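Enquirer: any chance you can model this:
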Amino acid sequence: MIPSKTTLSTLLTILAATTCCAGCAVDEYSTQMPQQAPQGTQEHQVRRLDSVHVNGQPLTQARAQLLETHYGGLPTAGSYWYDPMSGLYGGAGQPAAGLMAAGHDFGPLPENASSGQAPLWFNGRQLTWIEVQGISALLGMPATAGRYWFDAQGNVGLENTSQPLVNLYAAAQANASRGATGGGDNFWRSYTGTGNSNAGNTEGYISFSDGSSVTYGF
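Expert: Below is the predicted model:
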C-alpha cells in the first residue's frame with residue numbers, strides 16, 4: 001500500500017518539530033531534503049559534498065549522484081539523519097522533518113541522530129518527546145516504551161519480531177477523518193487517552209503507560 005499525500009501530511013505534521021537545523025525546513029510532506037543551488041566547477045562540487053553530512057558521514061560522489069538522480073539536486077549545506085527502513089529524515093539532533101524513498105544507503109542511522117531522550121526507539125533511533133507525543137495522539141493511547149521497527153508502509157512492530165502491531169499511516173488517516181468531522185475540545189484530550197492541556201493546547205502534559213510523563217510548552 002502506498003500512502004496518500006494527505007495521509008503522509010497528517011502523519012508528518014504531527015511527528016515534525018517546529019524547529020529544525022539551519023536550512024532544514026519542516027515540511028508537512030516532502031520527498032527530498034532542502035536543495036542548494038548547483039555550482040558548475042569541480043572545486044565547487046567538492047565543496048558542496050563536504051558541506052552536507054548524512055548520518056554523520058560526508059556525501060560521497062555516488063551518494064550525491066543518487067540524490068541528484070532521484071531528487072534533482074543536493075541538500076542545503078548542513079547535517080542530516082536518514083532512516084533507510086522508513087524513509088524518514090530530519091536535521092541532525094532534530095525530530096523527523098520529512099519523508100524520502102526508503103532503501104537509500106547513507107550509512108548506518110545513529111541511535112542519537114535526533115538527540116532523543118524518550119524511552120522509545122524506531123529502527124535504532126531514539127525518539128524525541130515531541131515524536132512520542134505525536135505517535136500517542138495518532139494511536140489514541142499512551143505510547144509504550146520499547147524498541148520497535150518502522151517500515152516504509154507505516155507498519156510498526158517490536159524489534160526482532162516480524163509481526164506488525166499497528167500501522168501509523170492507517171492511524172494518521174483515521175486521525176484525519178476524526179479531525180474532519182470535528183469534535184473534541186482540543187488536540188490532546190481528543191486523541192490521547194491520558195493527559196491534559198490548556199484551551200489552546202500550548203501547555204500540558206502527557207502520561208505514558210510505563211508511569212512516566214512529560215510536560216510541554218511550560
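Enquirer: this protein: helices as residue ranges?
Expert: 5-15, 42-50, 61-71, 129-139, 168-180, 187-191 (DSSP state H).
Enquirer: now the residue lying closest to residue 55 once chain neighbours are set aside. Its backbone dihedrals?
Expert: What sits nearest to residue 55 in space, not counting adjacent residues and going by Cβ to Cβ, 6 or more residues apart in numbering, is residue 107, at 4.3 Å. (Glycine included, C-beta is placed from N, CA and C.) Note on residue 107: its backbone torsions stand at phi 90, psi 170 [degrees, to the nearest 10].
Enquirer: how close does residue 107 sit to residue 53?
Expert: Plainly put, residue 107 is 10 Å away from residue 53 if you go by Cβ to Cβ, to the nearest Å.
Enquirer: so between those two, which is more surrounded?
Expert: residue 53 (19 against 15; other Cβ atoms under 10 Å).
Enquirer: which residues touch that one?
Expert: Residues in contact with residue 53 (Cβ atoms under 8 Å, 6 or more residues apart in numbering) are 59, 78-80, 92.
Enquirer: for the nearest residue to residue 150 once chain neighbours are set aside, name its beta-bridge partners.
Expert: Nearest residue to residue 150, sequence neighbours excluded (Cβ to Cβ, 6+ apart): residue 122, at 4.4 Å. Listed beta-bridge partners, residue 122: residue 125, residue 148 (assigned using DSSP bridges).
Enquirer: hmm, back to that, right, and the residue nearest to residue 55 touches residue 58 too?
Expert: No - applying Cβ atoms under 8 Å as the test, residue 107 and residue 58 come out as separate, 10.0 Å apart.
Enquirer: what's the domain layout of the chain?
Expert: 5-99, 120-216 (automatic domain parsing).
Enquirer: okay, and the helix or strand of this structure with the least pLDDT?
Expert: Within the chain, no helix or strand scores below helix 187-191, which has a mean of 27 by mean pLDDT, DSSP states H and E.
Enquirer: my guess is residue 117 contacts residue 131. True?
Expert: No - contact criterion Cβ under 8 Å: residue 117 and residue 131 do not qualify, at 10.9 Å.
Enquirer: neighbour count winner among those two?
Expert: A direct count of neighbours by other Cβ under 10 Å for residue 117 and residue 131 places residue 131 higher, at 25 against 12.
Enquirer: show me the contacts for the more buried one.
Expert: When contacts are counted by Cβ under 8 Å, 6+ apart, residue 131 is found next to 15, 95-96, 114, 116, 118.
Enquirer: kindly report the same for residue 82.
Expert: Each residue near residue 82 by Cβ under 8 Å, 6+ apart is listed here: 54-55, 88-89, 100, 104, 106, 109.
Enquirer: among these, which has the minimum pLDDT value?
Expert: Lowest in pLDDT among the contacts of residue 82 is residue 100, which has 89.
Enquirer: that one is in contact with residue 87, isn't it?
Expert: Yes - counting by Cβ under 8 Å, residue 100 does reach residue 87; the two are 5.0 Å apart.
Enquirer: hang on, the earlier thing: so which of the contacts of residue 82 comes closest to residue 157?
Expert: Among the contacts of residue 82, residue 88 lies closest to residue 157 (Cβ to Cβ), at 16.2 Å.
Enquirer: near the nearest residue to that closest one once chain neighbours are set aside, how many other residues are there?
Expert: Once flanking residues are discounted, residue 88 sits nearest to residue 96: 4.5 Å by Cβ to Cβ, 6+ apart. By other Cβ under 10 Å, the residues close to residue 96 number 29.
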